[in-house]
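Model the following, please.
(chains A, B, C and D)
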There are 2 protein chains.
Amino acid sequence: MPRTEQTNTAERILEVAQDLIQRRGYNAISFEDIAKKVGIKKPSIVHHYASKAALGRAVVRRYRSNFSSMLDDIARDPEKTAADALAFYFVPYLDFGATKDKICLCGALSGEFMALPKTMQTEVAAFFQDHQSWLEGILRRGRENKELQVVDEDPAAAAAWILDALHGSLIIKRATNDPGHVQRLVDSLKAKYIRSSSG
Amino acid sequence: MPRTEQTNTAERILEVAQDLIQRRGYNAISFEDIAKKVGIKKPSIVHHYASKAALGRAVVRRYRSNFSSMLDDIARDPEKTAADALAFYFVPYLDFGATKDKICLCGALSGEFMALPKTMQTEVAAFFQDHQSWLEGILRRGRENKELQVVDEDPAAAAAWILDALHGSLIIKRATNDPGHVQRLVDSLKAKYIRSSSG
DNA sequence: GTCTATACAAAGATAGAC
DNA sequence: GTCTATCTTTGTATAGAC
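Now for the predicted structure:
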């Protein structure tokens, strides 16, 4: 009856669904799985999200939006150098890397991309494009400022390379059960792009 | 009745199943999908592979084995330099990259890794470990021979980086429908590691 | 080795009471 | 907004004829 509790159900469904997709993918999970974790019954989910596709789309959209807000905050912060921004960008990947069985939501969905509803495909594509653009902007700024070491490289190519490597590292760290995998990649990336204070 | 025809059915099932998984993942496909493409009925598949998990495992095992044979042939060929071997390694990725909706089998399976049968997980993990070891060996040889530019880098770290980037590039090229994505990454990798003949 | 027929469980989704 | 009950389809798998 308290209205505040009820409004949160839609949000809790999104959180649980996201967590499950990051672990197991989209086609392997069901309303039943989600309902159990939220502590409700299957039809209650349908009340909030008309279909599994609609729920899936809402999950990716929210994830993408949250990520973008964070990235924009960093990019706009006048106290942050391009090197700071790049280092901050790595943090969520390091966080996923530190878990045993979670990866980026959109990385998880990419394996079964062609078996995803069209509306979800659109959101996943937009996620990667957001990140490509953002990274490209940071690298370009860092090259002009000399805050980053982007010398013989096209910023667009470097951005794609970084994005490819980070997402690849997540799927491989989980498949090979290698806890240090992502950390080692990020160390390499930092060594390459971020001018070290000791050198 | 001709025995030669019948023996091939098991093989054709593997080929079709692999193709479907590379496009849509494991949990999104069914015996029905496979049977239709092979031109048989569902129960005929079960005759060759006792369960979906058994079929899935056979698909990955065969893929891994074929890939490894190719890699070993290249590595053992005395006429091939480390640079040749690395360039050859990129070819299958470029081939996947040239398709609209196919990626590496093990990359496709990695998104839903935790929702895979244990026996499949083992094969997928072994695939990535095979490739890590092989790349590491080639890079180490190339560094000693001076056939490759691996200077300030640990060969193990460089191998992981290359593997991460290639698999990441496949999932992102498909999600963003970017036909040149993998080619651009491979160009970057070649520029970095393979001493160009013109410079 | 392939088929028809069928068992059985799980999935997404709907109807309607509370 | 949540529930029970149910519909319908699809999935994996089995039984047994040919």
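
Check whether the longest helix along chain A comes near DNA strand C.
When secondary structure is assigned using DSSP state H, the longest helix within chain A turns out to be helix A:118-145. No. Under the criterion of C-beta under 7 Å from any atom of the strand, DNA strand C is not reached by helix A:118-145; the shortest gap measures 12.0 Å. In short, each C-beta sits where N, CA and C put it, glycine included.

which residues touch the residue of chain A found nearest chain B?
Closest to chain B within chain A is A:G111: 2.6 Å, counting by C-beta to the nearest C-beta. A:G111 makes contact with A:25, A:171, B:25, B:103, B:107-112, B:171 under the criterion C-beta atoms under 8 Å, 6 or more residues apart in numbering or on different chains.

repeat that for 6 Å
The neighbourhood of A:G111, defined by C-beta atoms under 6 Å, 6 or more residues apart in numbering or on different chains, consists of B:25, B:108, B:110-112.

in whichever helix or strand comes after the longest helix of chain A, what's buried?
Taking DSSP states H and E as the definition, the helix or strand that follows helix A:118-145 towards the C-terminus is helix A:155-175. Neighbour counts using 16 or more other C-beta atoms under 10 Å in any protein chain shown place A:155, A:157-175 of helix A:155-175 among the buried residues.

for stretch A:26-35, same thing?
For stretch A:26-35, a neighbour-count test (16+ other C-beta under 10 Å) marks A:26-29, A:31, A:34-35 as buried.

Now narrow those residues to whatever sits close to DNA strand D.
Cross-checking these against DNA strand D (C-beta under 7 Å from any atom of the strand) gives A:A35 as the overlapping residues.

The buried residues of stretch A:26-35: which two are farthest apart?
Every pair in those was compared (C-beta to C-beta); the two farthest apart turn out to be A:N27 and A:A35, at 17.4 Å.

Point out the residues in chain A that sit beside chain B.
Counting by C-beta under 6 Å from any C-beta of the partner chain, the residues of chain A lying close to chain B are A:23-25, A:27-28, A:101, A:108, A:110-115, A:124-125, A:128, A:157, A:161, A:164-165, A:167-169, A:171-172, A:174-176, A:184-185, A:188.

now the contacts of A:G111 as a markdown table including secondary structure?
A markdown table is the format used below for the contacts of A:G111 (DSSP: H, G, I helix; E, B strand; the rest coil):
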| residue | secondary structure |
| --- | --- |
| B:G25 | coil |
| B:A108 | helix |
| B:S110 | helix |
| B:G111 | coil |
| B:E112 | coil |
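
distance of the residue lying closest to A:V150 once chain neighbours are set aside from B:G25?
Leaving aside its chain neighbours, A:V150 sits nearest to A:R143 (4.2 Å; criterion: C-beta to C-beta, 6 or more residues apart in numbering or on different chains). Distance from A:R143 to B:G25, counting by C-beta to C-beta, to the nearest Å: 38 Å.

And for A:N177?
From A:N177 over to B:G25 (counting by C-beta to C-beta), the distance is 21 Å.

the more surrounded of these two?
Neighbour comparison, A:N177 and B:G25: the larger count goes to B:G25, with 28 against 12 (by other C-beta atoms under 10 Å in any protein chain shown).

distance of the more buried one from chain A?
Note on B:G25: its distance to chain A, by C-beta to the nearest C-beta, to the nearest Å, is 3 Å.

Give me the distance between the two termini of stretch A:40-52.
Separation of the first and last residues of stretch A:40-52 by C-alpha to C-alpha, to the nearest Å is 16 Å.

what's in contact with that stretch?
Among residues not part of stretch A:40-52, those counted as contacts by C-beta under 6 Å, 6+ apart are A:10, A:13, A:31-32, A:35, A:55.

could you give me the average pLDDT of it?
Confidence for stretch A:40-52, expressed as mean pLDDT, is 98.

What residues sit buried inside it?
With the criterion 16+ other C-beta under 10 Å, stretch A:40-52 contains buried residues A:40, A:45, A:48-49, A:52.

How is A:I40 assigned, secondary-structure-wise?
For A:I40, the secondary structure call by three-state DSSP comes out as coil.

what about it, distance to A:G137?
In this structure, A:I40 and A:G137 are separated by 42 Å, where distance is defined by C-beta to C-beta.

now A:V46
Distance from A:V46 to A:G137, counting by C-beta to C-beta: 41 Å.

got the residues of chain A near DNA strand C?
When proximity is defined as C-beta under 7 Å from any atom of the strand, chain A approaches DNA strand C at A:29-33, A:42-43, A:46, A:50-53.

farthest pair in the residues you listed?
Across the residues of chain A next to DNA strand C, no pair lies farther apart than A:D33 and A:A50, at 18.4 Å, counting by C-beta to C-beta.

tell me the pLDDT at the residue nearest the centre of chain A?
Among the residues of chain A, A:C104 comes closest to the average C-alpha position under C-alpha atoms, centre = their mean, at 4.4 Å. With respect to pLDDT, A:C104 has a value of 99.

What does it show for phi and psi?
A:C104 has phi and psi values of phi -60, psi 140 when expressed as degrees, to the nearest 10.

Low-confidence bits of chain A, can you list those?
A:1-7, A:197-199 (pLDDT under 70).

how about the residue nearest to A:N145 when sequence neighbours are not counted, what does it touch?
Distances taken as C-beta to C-beta, 6+ apart place A:A82 nearest to A:N145, at 5.9 Å, with adjacent residues excluded. Applying C-beta under 6 Å, 6+ apart, one finds that A:A82 lies in contact with A:138, A:141-142, A:145, A:147-148.
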